[in-house]
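[1] give me a 3D structure for the following:
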Amino acid sequence: MFDQPQTKALSQELESNRIKNRSKGDVELSYLEGFDVIDTANRIFGYGNWSYSISVLEQVSQESNQNQNIVICYKAVVSIKVSDAKHEHHISREDVGFGTGIAKTLSDSHESAAKEAVTDALKRSLRSFGNQFGNSLYDKSRQHQSSNPTQSHKPSNKVNTPSSQDYSKLSNLGLSVMQQGTNLVVIGDDIFAKKDTIKACGFKWDARLKHWCKHQEAA
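    Numbering: from 1, shown residues only. Predicted coordinates for the structure are as follows:
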């Protein structure tokens, strides 16, 4: 169904500058961002030649953590449909995803969890089309390294003390904590949408540095 340029594009190796890394507990995870896989689908399949639909979007659980944040988990099932240029043939894929929302308000927790679940299901559905959608990231025998400059600081700048485990809530949201001088700073995407969790971890917005910061005393 795919033409030669599409087949060639799908068979290419995944570019390292598209790979992002985050920690979940003691495990380092490699992943592609949601906007990246959508851009890739538009580029390879064509803007009007693919679509997705949400068949299931439901709340799985709700609880409160030790910081009095509301923690909500959602499940989503997303179906992908990819057509040829003439829309005479199509391929369908479907997969499930989960998302967690952590916030002070119920509405913000629902919003974050639902969006994350849909994005996760979308990415899992698209990965069946191969490396360009991150399927190779599931191959544990491969070594995947992000070339993102914000995630490849020298080891001396990384927070490698036991206190880094205190920030698992941030890493679960795709955020990272880095050391800059005597400050710890939070970096990542959609950072202001996650400000409640960041503030709950003791960080404050520094208008001068334009970062969420926490002062760390020198050892």
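
[2] when you work out contacts or count neighbours from here on, use the C-alpha atoms and nothing else.
    Will do.

[3] where in the chain is pLDDT low?
    Within the chain, the stretches with pLDDT under 70 are 24-26, 140-166, 179-182, 209, 216-219.

[4] now the strands for it?
    20-24, 27-31, 50-64, 70-83, 90-103, 176-180, 183-187, 204-206, 211-215 (DSSP state E).

[5] Cys73 reaches Ser112, doesn't it?
    No. Applying Cα atoms under 8 Å, one finds Cys73 not in contact with Ser112, separated by 9.3 Å.

[6] which neighbours do those two share?
    Counting by Cα atoms under 8 Å, 6 or more residues apart in numbering, the contacts common to Cys73 and Ser112 are Gly99, Thr100, Gly101.

[7] from memory Thr100 sits against Ile70, does it?
    No. In this structure, Thr100 is not within contact of Ile70 by Cα under 8 Å, at 10.1 Å.

[8] between the two, which is the more surrounded one?
    Thr100 (25 against 20; other Cα atoms under 10 Å).

[9] quick one: contacts for Tyr47?
    Ala41.

[10] any idea how far it lies from Gly99?
    As judged by Cα to Cα, to the nearest Å, Tyr47 and Gly99 stand 26 Å apart.

[11] and His110, by the same measure?
    From His110 to Gly99 the distance is 10 Å (Cα to Cα).

[12] overlap in contacts, Thr100 and Ile70.
    Ser109.

[13] and the residue of the chain most remote from its centre, how far is that from Gln6?
    In the chain, the residue that sits farthest from the middle, by Cα atoms, centre = their mean, is Glu88; the gap is 34.0 Å. Separation of Glu88 from Gln6 (Cα to Cα): 17 Å.

[14] cheers, nothing more for now.
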